[in-house]
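Colleague: Sequence and predicted model, in that order:
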Amino acid sequence: MNRPATGSLGRAGLCILLVCAGASACFPQNPDPLVPGTVVTGQCQGKESQPACVLPNLFGPQGLSLFATPQFAHYAHFIGPAQTTLNQTLSSAIATQLAILPIISPSSGFTYKYDSPSGSFVRTTTNFGPIYAERAETVGRGKFSAGVSYQRFRFSDIDGINLHNVPAVFSHVPDTGPGNSPELYEADVIQTKNNISLNMDSTTLYGTIGLTDGVDVSVSIPIVSVRMSVASDAAIIRVSGPATTIPGVGTIPNPHQFTSDRNSLTNTYFSKGSATGIGDVTFRVKGNVWRDESMGLSFGLDLRTPTGSATELLGSGAVGVKPFVVLSSTTNHFAPHINLGYEWNGASILAGDVTGSAISENSAGVEVIQNGSAIKRRLPSLLFYTLGTEIAAGKNVTFSVDYLGQAVINTPRVFRETFVTQNIPGGTGALSLPTISGGKDTVVLSTGSAGLKFNLFGNLLLTTNILFRLDTKGLRQNITPLVALSYAFGK
């Protein structure tokens with residue numbers, strides 16, 4: 001955030017003297033949001049209903065700023081690490097995690113191979129395959145399967161921090177006195193408790209067709225509904241005391257308050273947004289390169305296209321390329337599998353700065369806001385690995401269990417911190433307040449998966465599954481349910 005220009009500070013000092021003489025009317029009560037010393041939300045301005053803009057718009061177009069009192073013409077912007085963490089790091093961390101959420105495998109539960117001696121297609125396995133993982137078998141030449149799945153996400157925490165109670169301390173913009181000098185009132189802080197609600201429902205249409213007995217291609221088309229809201233309870237802590245001393249002016253009441261009422265030391269801010277639409281469409285090709293009586297080996301490639309709107313959190317905003325290898329058993333009753341791959345991701349505004357606001361100085365040395373294009377940075381790449389098995393529990397039921405690991409490289413993270421205020425004579429003394437800070441780190445996300453596939457009749461499969469977290473890293477909920485129906489055409 002900006003500090004007032006030097007000329008404004010000079011006028012502020014003159015006006016304070018006039019105020020002491022009874023001439024307080026020379027100060028504006030409501031600063032223009034585009035004058036130097038204020039903050040605007042760039043590309044998110046006027047887009048409050050878009051989920052990715054909910055956090056940047058939480059405190060309004062000027063950011064977290066206070067009432068400019070008649071006794072003190074001061075815009076009182078509060079910034080500190082919490083501003084960047086809430087607006088950028090937390091937004092980027094949420095968006096990054098949304099981009100790498102596990103989706104159901106589009107592979108068919110029924111796999112076939114043409115048998116030349118009999119002149120017909122025969123089943124290559126009698127179990128119905130994994131749910132979130134891949135097996136080496138392909139659907140079979142000319143065979144086609146299609147399905148629809150539903151996943152329900154109600155996120156509860158990020159990096160072990162409860163999303164419904166995120167602490168953030170905002171410190172005062174520095175050096176706001178005459179000649180850009182520090183002032184005692186700059187020790188004051190605003191303590192906030194933020195309740196972030198993030199819900200997502202994803203309905204995915206998927207299908208697979210066999211080009212040959214050893215190669216098939218798949219497509220997954222998600223239809224996503226996202227709802228995000230933030231409520232922030234803010235409290236001014238007058239660390240510098242009930243009054244503050246201005247050199248050359250004297251002692252005046254502490255100017256920090258939310259409204260014209262001097263005792264207005266608390267306020268609540270609220271922002272929300274929602275969107276529904278097509279997410280990122282993913283294409284997959286998989287080819288079987290080796291098979292014997294007990295094992296099979298296949299290679300595959302996923303291409304994620306940025307078809308979902310990034311500012312609406314419907315998609316990642318970047319291309320993703322994911323080659324992978326599959327080694328699996330071809331036995332029917334107990335069929336373990338291993339998947340291993342690496343995902344490269346392109347640049348997205350969700351990994352950069354969706355607001356597009358930048359601060360620079362004009363020829364007169366006055367800081368101004370520039371509203372340019374949103375800043376793009378690369379989404380983190382990741383190594384993924386899956387280990388699991390299918391167990392045929394009868395002719396019409398297959399039980400599937402998996403461990404899903406994702407090593408996300410240099411990803412945005414949110415950390416718990418303690419903010420210690422200054423010890424000002426006559427003030428509150430040094431206070432230790434909980435807050436958050438942002439950074440980047442390579443983390444391993446561990447998730448378990450357990451589900452069942454039921455053959456209802458013919459080639460119709462009902463799939464039920466739950467994902468459950470095995471750690472507290474990343475954007476998480478305890479349980480993620482999934483239900484799906486799929487049908488394989490032909491025999």
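Modeller: Yep, that arrived. Numbers count the residues shown, from 1 in each chain.
Colleague: From start to finish, how long is stretch 130-150 in a straight line?
Modeller: Stretch 130-150 stretches 17 Å from its first residue to its last (Cα to Cα, to the nearest Å).
Colleague: gap between that stretch and the chain center?
Modeller: Centroid separation between stretch 130-150 and its chain, computed with Cα atoms, centre = their mean, to the nearest Å, is 29 Å.
Colleague: Repeat that for stretch 405-421.
Modeller: Between the centre of stretch 405-421 and the centre of its host chain there is 13 Å, according to Cα atoms, centre = their mean.
Colleague: Output stretch 86-102 as PDB, nothing but the C-alphas.
Modeller: Extracted in PDB, the C-alpha atoms of stretch 86-102 (Å, rounded to 0.1, in the frame of the first residue of the first chain):
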ATOM      1  CA  LEU A  86      -4.300 -12.800   2.300                       C
ATOM      2  CA  ASN A  87      -4.400 -11.100  -1.200                       C
ATOM      3  CA  GLN A  88      -1.800 -13.100  -3.000                       C
ATOM      4  CA  THR A  89      -0.200 -16.100  -1.100                       C
ATOM      5  CA  LEU A  90      -3.500 -17.500   0.300                       C
ATOM      6  CA  SER A  91      -5.300 -16.900  -3.000                       C
ATOM      7  CA  SER A  92      -2.400 -18.600  -4.900                       C
ATOM      8  CA  ALA A  93      -2.300 -21.500  -2.500                       C
ATOM      9  CA  ILE A  94      -6.000 -22.100  -2.800                       C
ATOM     10  CA  ALA A  95      -5.900 -21.900  -6.600                       C
ATOM     11  CA  THR A  96      -2.900 -24.200  -6.900                       C
ATOM     12  CA  GLN A  97      -4.500 -26.900  -4.800                       C
ATOM     13  CA  LEU A  98      -7.700 -26.700  -6.800                       C
ATOM     14  CA  ALA A  99      -5.600 -27.300 -10.000                       C
ATOM     15  CA  ILE A 100      -4.200 -30.600  -8.700                       C
ATOM     16  CA  LEU A 101      -7.200 -32.100  -7.000                       C
ATOM     17  CA  PRO A 102      -7.500 -35.900  -7.900                       C
END
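Colleague: Over to residue 424. Which of the three states is it?
Modeller: Assigned by DSSP: H, G, I helix; E, B strand; the rest coil, the conformation of residue 424 is coil.
Colleague: right, and it touches residue 242 too?
Modeller: No - between residue 424 and residue 242 there is no contact under Cβ atoms under 8 Å: 11.6 Å. Any C-beta I mention is one placed from the backbone N, CA and C, and that applies to glycine too.
Colleague: okay, the two: which has more neighbours?
Modeller: Between residue 424 and residue 242, residue 424 has the larger neighbour count (other Cβ atoms under 10 Å), namely 19 against 10.
Colleague: Kindly export the host helix or strand of residue 417 (C-alpha atoms) in CSV.
Modeller: Element membership for residue 417, per DSSP states H and E: strand 397-420. What follows is strand 397-420, C-alpha atoms only, in CSV (Å, rounded to 0.1, in the frame of the first residue of the first chain):
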residue,chain,number,x,y,z
VAL,A,397,-18.2,-56.2,-6.9
THR,A,398,-14.7,-54.9,-6.9
PHE,A,399,-13.1,-53.2,-3.9
SER,A,400,-10.4,-50.6,-4.7
VAL,A,401,-7.9,-49.1,-2.3
ASP,A,402,-5.1,-46.6,-3.1
TYR,A,403,-2.4,-44.4,-1.6
LEU,A,404,-2.1,-41.1,-3.7
GLY,A,405,1.1,-39.1,-3.2
GLN,A,406,1.8,-35.7,-4.7
ALA,A,407,5.2,-34.0,-4.3
VAL,A,408,4.4,-30.4,-5.2
ILE,A,409,7.5,-28.4,-6.0
ASN,A,410,8.0,-24.9,-4.7
THR,A,411,4.3,-24.3,-4.1
PRO,A,412,2.8,-21.3,-2.2
ARG,A,413,2.2,-22.1,1.5
VAL,A,414,0.7,-20.4,4.5
PHE,A,415,2.4,-20.5,7.9
ARG,A,416,1.4,-19.6,11.4
GLU,A,417,3.4,-16.8,12.9
THR,A,418,3.5,-14.5,16.0
PHE,A,419,3.4,-10.8,15.5
VAL,A,420,5.0,-8.8,18.3
